[in-house]
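K.L.:
Sequence plus predicted model, see below.
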There are 2 protein chains.
Amino acid sequence: MNQLIPLPTSVQPADGVFLLTADTTIAANPATAEVTAIAELLAAHLRPATGYPLPVRPADGPPISGRLFSLALDPADSSLGDEGYTLHITPDTVRLTAHQPAGLFYGGQTLRQLLPPAIESATPQPGPWPLPAGMIRDTPRFVWRGLMLDVARHFFGVADVKRVIDLAAAYKLNRLHLHLADDQGWRIEIKSWPELARVGGQTAVTTADGRAWPGGYYTQADYAEIVAYAAARYVTVVPEIDMPGHTNAALAAYAELNADDQPRPPYTGIEVGFSSLAIDKEITYRFIDDVIGELAALTPGDYLHIGGDEALATDKADYVRFIERVAAIVAGHGKRVVGWEEIGQAHLSPTAVAQHWAPGHAAAAAAQGAKVILSPAPRVYLDMKYDEATPLGLVWAGKISVRTAYDWQPETQLPGVSEDSLLGVEAALWAETLTTIDDVEFMLFPRLPGVAELGWSAAGRDWEGYRPRLAAHGARWEAMGVNFHRTEEVDWE
Amino acid sequence: MNQLIPLPTSVQPADGVFLLTADTTIAANPATAEVTAIAELLAAHLRPATGYPLPVRPADGPPISGRLFSLALDPADSSLGDEGYTLHITPDTVRLTAHQPAGLFYGGQTLRQLLPPAIESATPQPGPWPLPAGMIRDTPRFVWRGLMLDVARHFFGVADVKRVIDLAAAYKLNRLHLHLADDQGWRIEIKSWPELARVGGQTAVTTADGRAWPGGYYTQADYAEIVAYAAARYVTVVPEIDMPGHTNAALAAYAELNADDQPRPPYTGIEVGFSSLAIDKEITYRFIDDVIGELAALTPGDYLHIGGDEALATDKADYVRFIERVAAIVAGHGKRVVGWEEIGQAHLSPTAVAQHWAPGHAAAAAAQGAKVILSPAPRVYLDMKYDEATPLGLVWAGKISVRTAYDWQPETQLPGVSEDSLLGVEAALWAETLTTIDDVEFMLFPRLPGVAELGWSAAGRDWEGYRPRLAAHGARWEAMGVNFHRTEEVDWE
């Protein structure tokens, strides 16, 4: 039980093992659609490598013969909160208990990590499949444990995004922030403004060796498929439309969004800070109301991200006025507004959320009662190179080793922002230099699990303890086919 | 100069008079479109009774012969603010000066009151037309000096509303709050929800003697005509859609706005507190976004009023959630939200405005930084009867004599609301018992001028000083054809 990431709240090993065998049945209690779905998802993870049938049965149905693995909701133990669980393994049974369904899902992820790495294979492996006996009780530190994926600079299709969701959820991350629009591309169909995707979706960042790269966008059906896939894994999709800067793709698609009514040419470089929606035109706000309205209708989660970073082509008074009005539009569609920390310069409602990355406005947001997500660029902008030898990535926020990404303390990251103001942590993967899912995996692994642990584990973390745990995961990623960076910081098993 | 209402800030009488004669020219300086329009509007007021041509000429044009009456903007004297003016009358000239155009308009209203009452006649009168010499300097106390007209319980057409604007503007009121929707009627065309006006516009309150009364509604062109007419008189139209209660007319027009999807029957009684939009349905907020969006586009003024009073069919938590979301929708359309003081129970932005009438939530709004408009029902709900003999009106907030409406202090009206929080005062004319413009005039006059003075005049007010000034206005109303209540409280001239 000593290789778990994120580190659980408490682990009490016991003697013996539970052997997952061909006659094991997974019992759902109660056998609601949601609990049954969680059990089926876990069974689906375990069937390919074991080759076992692992049927899911209602706990109150016909008697179950053979070995029992039960998932049960306990309405009484509210101390487990919305996401906590207990996992009690004896040589005879496995009992996974939670107060809410998400806890059962997370207990299932812990269980995967307790089995040998070969459990992650897509084809039958020899086994055996022991689970060490013991008791785990585990609840998360932060409610927001996120990963941002930039699909604007280069586009990643539905299958790639599902892969990212699988890998993030395995480490108990629960937010997928999709950066859906930027200067170089608009990636979501908006039915009331069809040229956004049709024109703005065509472009992407030109590669470093000068090749144009294809664009792409999600239809609303694609997006709904991503949202549903994520929701089944207790991941909330947080869509971002970055405004008022980072908007060249929209400004290219619709001339009327420009102050001078002239459409902007498409942009495929990697500079920032040159674009701005027309702050003084009412059509800008009709456009935003339409876009936010369609996104809100497609997004069951509570949050909509309006960007707001690096609006260097917008003067401060205009910026503040713009952010306050757009924040109101988001609230008007029934969602909580999230923005990069620059929004702290505006008047914010206490339901607003500011995402720290660097510029120094997070404390101003917190002082207004807004919550803060920590994404310090020199720590968790995972598109930064690991070191000078990394073939992908940028270096503007520094080089980020595995240790650098892991070895920091959320509670002391921001002077003037107390722990009460922290909603959680989020890794960010910008995609100027990344074009394939292999690239994405290489930058995320092995750094992402460390950020996940920062978000989940309240105590007991340190680099020397983390290194050997992380090392044990290399074999799992090999079994999963994850293209990870075999850094020398870790002694891979 | 001792019959002016509202009382000016300072008056210094001098010897002699300026005689308005057939050779008087009105000079506009500078002769911008706006200053010229103000001069033309003043000339149009003075021509019918005098029969004089009173041409309007640019001050910097060809030399003007004859007597001179000049309107001039003074960019230097910013102490006059947006609405103040000076009026300097000598036997030779009249010089009206202001920092902003609105001040010229208000100086013109003062000038009308300095002329004999017959100046208000629509047909030529014998004259002469002396203006007493002296110097007036005058700036308002409050930025919000309003009149609310309920066009929902009974409908008043465009011509009636223009008449009300004329009468209000003559006393330097600058807000016309139109109560456009209530249980008994929906009075504004909304193109995206056409049944609101088509169905909801058909009804009105049944008269006390049991006769059904016709409904009616403003087309968007009608509304735009009212807005433009008001704007030319420096009156900002503040449209109100009362929500979530007072909504039966909408609930009758669209079944989907009801929690049970059943359309409500039309309502023509005068009870309150029974209706509510469906708080938990997303379509409710799409409806509101559409309605607010169309109204915002039609309304150049900064304010949109969302009602929020007497939502007795909505529980408090739902009410708060509703108001916060609707306030955000208003802000998202670039407007400041105004609501009856019950909105003080919700979290408000500092740009919000709460309108006090009775229930005790205004201090909570002010404590959040919101501004407060004073419309205390026992003082300025001008649909209350003057006394037991008044043939029209209700009595639930008491009987309101001319003195009662006048003789109170805005600064001490609300414990816990300091003068810094006061935006101004507003009289309210609910229309359950009023069906014609004669009815409206009878309830407004002579009480409305007193409310106007409460809004404009910072000092020097008292009932004994006000009575003779008010008495002098009876003859003006007779000349204007105003149907006023000849109360025995005043010794009419």
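P.N.:
Good, I have the coordinates. Numbering: from 1, shown residues only, chains lettered A, B, ... in the order given.

K.L.:
A:Met243 and A:Ile288 touch, don't they?
P.N.:
Yes. With contact defined as C-beta atoms under 8 Å, A:Met243 and A:Ile288 form a contacting pair (6.9 Å). C-beta: built from backbone N, CA, C; applies to glycine.

K.L.:
what about those two, which has more around it?
P.N.:
Taking A:Met243 and A:Ile288 together and counting by other C-beta atoms under 10 Å in any protein chain shown, A:Met243 has the greater number of neighbours (28 against 22).

K.L.:
for the more buried one, phi and psi?
P.N.:
phi -150, psi 160 (degrees, to the nearest 10).

K.L.:
got it, and A:Val238?
P.N.:
The phi and psi values for A:Val238, taken as degrees, to the nearest 10, are phi -110, psi 100.

K.L.:
Could you measure from it over to A:Ala471?
P.N.:
32 Å (C-beta to C-beta, to the nearest Å).

K.L.:
More neighbours: the two, which one.
P.N.:
A:Val238 (26 against 16).

K.L.:
isn't that one right up against A:Tyr303?
P.N.:
Yes. Counting by C-beta under 8 Å, A:Tyr303 is a contact partner of A:Val238 at 4.6 Å.

K.L.:
residues shared between the contacts of the two?
P.N.:
Counting by C-beta atoms under 8 Å, 6 or more residues apart in numbering or on different chains, the shared contacts of A:Val238 and A:Tyr303 are A:175, A:338.

K.L.:
Name the residues of chain A found near chain B, please.
P.N.:
Contacts of chain A with chain B, taken as C-beta under 8 Å from any C-beta of the partner chain, map to A:282, A:285-286, A:289, A:293, A:297, A:324-334, A:347, A:349-350.

K.L.:
what about the residue in the stretch 351-493 of chain A positioned nearest to chain B, which SS state?
P.N.:
Nearest to chain B in the stretch 351-493 of chain A, going by C-beta to the nearest C-beta, is A:Thr351, at a distance of 8.5 Å. In three-state terms, and counting by DSSP: H, G, I helix; E, B strand; the rest coil, A:Thr351 is coil.

K.L.:
Distance of it relative to B:Ala328?
P.N.:
10 Å.

K.L.:
and for the two, which residues touch both?
P.N.:
Joint contacts of A:Thr351 and B:Ala328 (C-beta under 8 Å, 6+ apart) are A:Ala331.

K.L.:
With neighbour numbers in mind, choose between those two.
P.N.:
With neighbours defined as other C-beta under 10 Å, A:Thr351 and B:Ala328 compare such that B:Ala328 has more, 25 against 18.

K.L.:
Looks like A:Ala230 contacts A:Pro239 (just checking).
P.N.:
No. Using C-beta under 8 Å, A:Ala230 is not in contact with A:Pro239, being 11.4 Å away.

K.L.:
Give the residue from the two that has the larger number of neighbours.
P.N.:
Under the criterion of other C-beta under 10 Å, the comparison of A:Ala230 against A:Pro239 puts A:Pro239 first, with 28 against 24.

K.L.:
Report whether that one is found in a strand, as I expect.
P.N.:
Yes. Counting by three-state DSSP, A:Pro239 is part of a strand.

K.L.:
So it sits against A:Leu295, correct?
P.N.:
Yes. With contact defined as C-beta under 8 Å, A:Pro239 reaches A:Leu295; the gap is 5.2 Å.

K.L.:
which residues do those two both contact?
P.N.:
With C-beta under 8 Å, 6+ apart, A:Pro239 and A:Leu295 have common neighbours A:188, A:304.

K.L.:
and chain A, what are its domains?
P.N.:
A:10-138, A:144-458+A:472-480 (automatic domain parsing).

K.L.:
Just say which of those domains is most tucked in.
P.N.:
A comparison of the domains of chain A by mean neighbour count, using mean count of other C-beta atoms under 10 Å in any protein chain shown, puts domain A:144-458+A:472-480 on top with a mean of 21.

K.L.:
Next step: the residues of chain A next to chain B restricted to strands.
P.N.:
Using DSSP state E, no member of those falls in strands.

K.L.:
and A:Val199, which of the three is it?
P.N.:
Quick answer, by three-state DSSP: A:Val199 is helix.

K.L.:
Against A:Asp261, how distant is it?
P.N.:
In terms of C-beta to C-beta, A:Val199 sits 16 Å off from A:Asp261.

K.L.:
same thing with A:Leu87?
P.N.:
From A:Leu87 across to A:Asp261, the span is 61 Å (C-beta to C-beta).

K.L.:
The host helix or strand of A:Ser70 pairs with which strands, and in what direction?
P.N.:
Using DSSP states H and E, the element containing A:Ser70 is strand A:67-73. Next to strand A:67-73 in the sheet, as set by DSSP bridges, lie strand A:24-29 (parallel), strand A:93-98 (parallel).

K.L.:
Show the subsequent helix or strand relative to the helix or strand in which A:Leu176 is found.
P.N.:
Assigned by DSSP H and E, A:Leu176 belongs to strand A:175-179. Following strand A:175-179 in sequence order, the next helix or strand is strand A:181-182 (DSSP H and E).

K.L.:
Show me what that following strand is in contact with.
P.N.:
For strand A:181-182, contacts defined as C-beta under 8 Å, 6+ apart pick out A:150, A:152-153, A:187-188, A:196, A:200, A:240-242, A:246-250.

K.L.:
next SSE after it?
P.N.:
That would be, after strand A:181-182 and using DSSP H and E, strand A:185-186.

K.L.:
tell me the mean pLDDT over that following strand?
P.N.:
Across strand A:185-186, pLDDT averages out at 98.

K.L.:
what's it packed up against?
P.N.:
helix A:195-200, helix A:248-253 (3 or more C-beta pairs under 8 Å, 6 or more residues apart in numbering or on different chains; DSSP states H and E).

K.L.:
who does it pair up with?
P.N.:
strand A:181-182 (antiparallel).

K.L.:
from the residues of chain A next to chain B, which ones fall inside helices?
P.N.:
In helices, judged by DSSP state H, the following of the residues of chain A next to chain B are found: A:282, A:285-286, A:289, A:293, A:297, A:324-332.

K.L.:
Spatially, which pair of those is furthest apart? Let me know, please.
P.N.:
Farthest-apart pair in these is A:Ala297 and A:Glu324; separation 23.2 Å (C-beta to C-beta).

K.L.:
Next up, phi/psi of A:Arg379, please.
P.N.:
The phi/psi pair for A:Arg379 (degrees, to the nearest 10) is phi -110, psi -50.

K.L.:
Contact partners for it?
P.N.:
Contacts of A:Arg379 (C-beta under 8 Å, 6+ apart): A:400, A:404-405, A:408.

K.L.:
change it to 10 Å
P.N.:
Contact analysis of A:Arg379 by C-beta atoms under 10 Å, 6 or more residues apart in numbering or on different chains lists A:357, A:397-398, A:400, A:404-408, A:410, A:413, A:425, A:427, A:447, A:450-451, A:454.

K.L.:
Which of these fall in helices?
P.N.:
A:404-406, A:450-451, A:454.

K.L.:
Now flag whichever of the contacts of strand A:181-182 is closest to A:Leu114.
P.N.:
A:Asp150 (33.6 Å).

K.L.:
Helix or strand: which one has A:Gly416?
P.N.:
Here A:Gly416, judged by DSSP H and E, is contained in no helix and no strand.

K.L.:
secondary structure element for the closest residue to it other than its chain neighbours?
P.N.:
With sequence-adjacent residues excluded and distances taken as C-beta to C-beta, 6 or more residues apart in numbering or on different chains, A:Gly416 is closest to A:Ala363, at 3.4 Å. A:Ala363 belongs to helix A:362-367 when assigned by DSSP H and E.

K.L.:
Not counting sequence-adjacent ones, nearest residue to A:Ala366?
P.N.:
Counting by C-beta to C-beta, 6+ apart, the residue nearest A:Ala366 is A:Ser421, at 4.1 Å.

K.L.:
Tell me how far the nearest residue to A:Ala311 once chain neighbours are set aside lies from A:Val372.
P.N.:
Leaving aside its chain neighbours, A:Ala311 sits nearest to A:Gly245 (3.9 Å; criterion: C-beta to C-beta, 6+ apart). Going from A:Gly245 to A:Val372 by C-beta to C-beta gives 21 Å.
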